[in-house]
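Trainee: Fold the following for me, if possible:
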Amino acid sequence: MEFIATPKVENVQKLNNSNPRESTVGTLYITTTHLIFVSPQEKEELWILHMHMSSVEKMPLTTSGSPVRIQCSNFRVVTFMINRDRDAEDIYSSLEKLSRPSSVEQLYCFQYRAKDDLPQPTGWTFFELSAEFNRQGVPNQHWTMCNLNTMYSLCPTYPSQLMVPTSAPQSLVQGCAKFRSKGRLPVLTYYHAATEAALLRCSQPLSGFKGRSEEDEEYIQCVLRSNPASSHLYIVDTRPKINAMYNRAAGKGYEAEAFYPNTKFVFKGIENIHVMRDSLAKLVETCETKTGNMEAFLQGLEQSGYLKHIKSVLEASIFIAEALVNGVSVIVHCSDGWDRTSQTCALAQLLLDPFYRTIQGFQALIQKDWLTFGHKFTDRCGFVAGDPKETSPIMTQFIDTTWQLLRQFPAAFQFNEKYLVDIHDHVYSCQFGTFVGNCERERQELRLAERTYSLWGHLTNSADEYINPMFDPTNSSNEVLTPSTLPQNILFWRGLYSRYEAGLQQARGPEVIDLLTLTQISTASLEDHAKHLSRRVDGLRSMISSNSKATAGVVKKFLPSMVNITAGVANIAGGGSSSPRSIQNSSEQQQAKSSEMDKVEKRFGDLKVDNCESSKF
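Mentor: As a prediction, this is how the structure comes out:
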């Protein structure tokens, strides 16, 4: 409460983004976690989480009052017109401090308490790196688990468990780490069992103009020998070559081809975090333009370059996936190996492995390639006050590229668009501790698994909302996705970037996919109830036939419930008032003796798809 100068301001106007001359009058409240606007006359209530506010701007004073404009990471933009300039200044200064805490310990996740009786530990044990590697088929004769990073002494931003070539001695692993930026040496993230090809990730070498490391060169040869079926491997540098050459002046750079025999080098031209940040800013600015001029919108979209960047990330990921399918191992890096490397490695696995296209699998993929391998969520998402130049929409782009795949292959994914949007929004909300911290070591030091709730437990508890009714596991269980990257197939995602546009929800109406989901849920509830009725009838028949003398008593005992059940079935068949919700409640009552955590873990296990087994369940 110390940052809240004015907790309540009356007669505030919320301006219409499409038409600033129109407004809604109400009262503005500031709490420790939310900004709340309430308009009793218009029956409107708007809650904005402080952590979702990416920028707060106090605009110049006008004759109508002092405007305060708020732009959010979930792409909501709202402007409030406040009568008194002093009140506007208080609101602005309060939101500036509340939306950017000075330390991680002040984040929302440390205050949040679930209201749905979800036990706090739920979700934190859904993923184990060793179990996921076992699912892939490693360790084996070519790959082994390395214990050099148990205390994070080899590489502070890597996981404690590292999978390295069996033929590489510990001294070689240590020498290689010293030659890589931040100690992020090439380690296995995915083993493609069908071809024995491996996907490794790392950071750029500390080569400079003439530097080399015999340990690093020999280690790469150990990686090559770990795939007996191939005579060469790829090193994919996701950066533009000019950027990599520029880094050489700072003592870093890229591998010299002459020192790495039987290795093919490829540059993929994905721009850096600063270009991506500016690109998204231009896209958001274009979406806010309300001129109605198609030419202006298309020109703004083109000038932002955002879809071009989405296309570049997809193309690099497709190249990696195709190499692994063809039996060639791939080492991927950018500068430090936690931005573009995370994007392309994760997307390549999404193309290759149907398990990652399930609800469980997608969580495992994010947990492994983003959280465990050290994407800097705290810095890139700007959770706390710091250098704004460190922020960048790297995770947003990954969610967008996943949506592009979902749109091209709707039957290949168990989850729907809402699942992606909710993950995106909760990355920035800090309501859950899942994405807090820059690496595994930081999360352990913060004891997040003990002090905060997990997003994965929350999402699993609401799994019915995220099921894609078009998902066909029989056709996609062994399918490698080959998306098209032709310009006409890379689309602007209106459902993410323009979802708060005035009147958009009313104009769109219920989506066909939503109607299919509701139908699927209702059908499943009816089928469960029909099975329950069938079991009751079988029980009655067995009891009557086994003890004819007790027939009258048994019938009398079961008759009332049978009458109710029969009436319920007749009601459903005749279009009566019984709803799928009331039927579902009957199923929920049977599980009342189980703990809430057991229920969620059972639901997590129920999400398994044949031929797409989980890493743990």
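Trainee: which other helices and strands contact the helix or strand hosting Ala281?
Mentor: Per DSSP states H and E: Ala281 is located in helix 273-288. Applying 3 or more C-beta pairs under 8 Å, 6 or more residues apart in numbering; DSSP states H and E, we find helix 273-288 packed against helix 294-304, helix 306-325, helix 394-408, helix 494-497. C-betas here are computed from N, CA, C, even on glycine.
Trainee: So what touches that helix?
Mentor: 17, 71, 75, 77, 271, 297, 300-301, 303-306, 309, 339, 380, 389-394, 396-397, 497-498, 501 (C-beta atoms under 8 Å, 6 or more residues apart in numbering).
Trainee: quick revisit: which of the helices and strands packed on helix 273-288 sits closest to Leu540?
Mentor: Closest approach to Leu540 among those is made by helix 394-408 (47.1 Å; C-beta to C-beta).
Trainee: Extract the CA atoms of the closest one and return them as PDB.
Mentor: Presented in PDB, the C-alpha positions along helix 394-408 are these (Å, rounded to 0.1, in the frame of the first residue of the first chain):
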ATOM      1  CA  ILE A 394      11.000 -13.800 -27.800                       C
ATOM      2  CA  MET A 395       8.300 -16.000 -26.000                       C
ATOM      3  CA  THR A 396       5.500 -14.100 -27.800                       C
ATOM      4  CA  GLN A 397       7.100 -15.000 -31.100                       C
ATOM      5  CA  PHE A 398       7.300 -18.700 -30.100                       C
ATOM      6  CA  ILE A 399       3.600 -18.700 -29.200                       C
ATOM      7  CA  ASP A 400       2.800 -17.000 -32.500                       C
ATOM      8  CA  THR A 401       4.800 -19.500 -34.600                       C
ATOM      9  CA  THR A 402       3.100 -22.300 -32.700                       C
ATOM     10  CA  TRP A 403      -0.300 -20.800 -33.600                       C
ATOM     11  CA  GLN A 404       0.800 -20.600 -37.300                       C
ATOM     12  CA  LEU A 405       1.400 -24.400 -37.100                       C
ATOM     13  CA  LEU A 406      -1.900 -25.000 -35.300                       C
ATOM     14  CA  ARG A 407      -3.700 -23.100 -38.100                       C
ATOM     15  CA  GLN A 408      -2.000 -25.100 -40.900                       C
END
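Trainee: Mind giving me the packing neighbours of it?
Mentor: Applying 3+ C-beta pairs under 8 Å, 6+ apart, one finds that helix 394-408 makes contact with helix 273-288, helix 306-325, helix 340-352, helix 377-380, helix 417-429, helix 494-497.
Trainee: average pLDDT across it?
Mentor: Taken as a whole, helix 394-408 carries a mean pLDDT of 98.
Trainee: got it, and stretch 256-265?
Mentor: 96.
Trainee: nearest spatial neighbour of the residue nearest the centre of the chain, skipping sequence neighbours?
Mentor: When C-alpha atoms, centre = their mean is applied to the chain, the residue found nearest the centroid is Ile423 (4.4 Å). Spatial nearest neighbour of Ile423, chain neighbours left out: Ile399 (6.6 Å); criterion: C-beta to C-beta, 6 or more residues apart in numbering.
Trainee: Near that neighbour, how many other residues are there?
Mentor: By the criterion of other C-beta atoms under 10 Å, Ile399 has 19 neighbours.
Trainee: Now do the same contact list for it.
Mentor: Applying C-beta under 8 Å, 6+ apart to Ile399 gives the contacts Leu420, Ile423, His424, Leu496.
Trainee: do the same with Asp336
Mentor: By C-beta under 8 Å, 6+ apart, the contact set of Asp336 is Ser181, Lys182, Arg184, Ser203, Gln204.
Trainee: same question, Leu98
Mentor: Phe3, Ile4, Ile30, Thr32, His50.
Trainee: Which two among these are spaced furthest apart?
Mentor: Farthest pair in these, by C-beta to C-beta: Ile4 and His50, 10.7 Å.
Trainee: ok, the residue nearest to the centre of the chain touching Leu455?
Mentor: Yes. Look at Ile423 against Leu455 with C-beta atoms under 8 Å: they come within range, at 7.4 Å.
Trainee: Out of Ile4 and His50, name the residue with the larger neighbour count.
Mentor: Ranked by neighbour count (other C-beta under 10 Å), Ile4 and His50 place His50 first, with 23 against 18.
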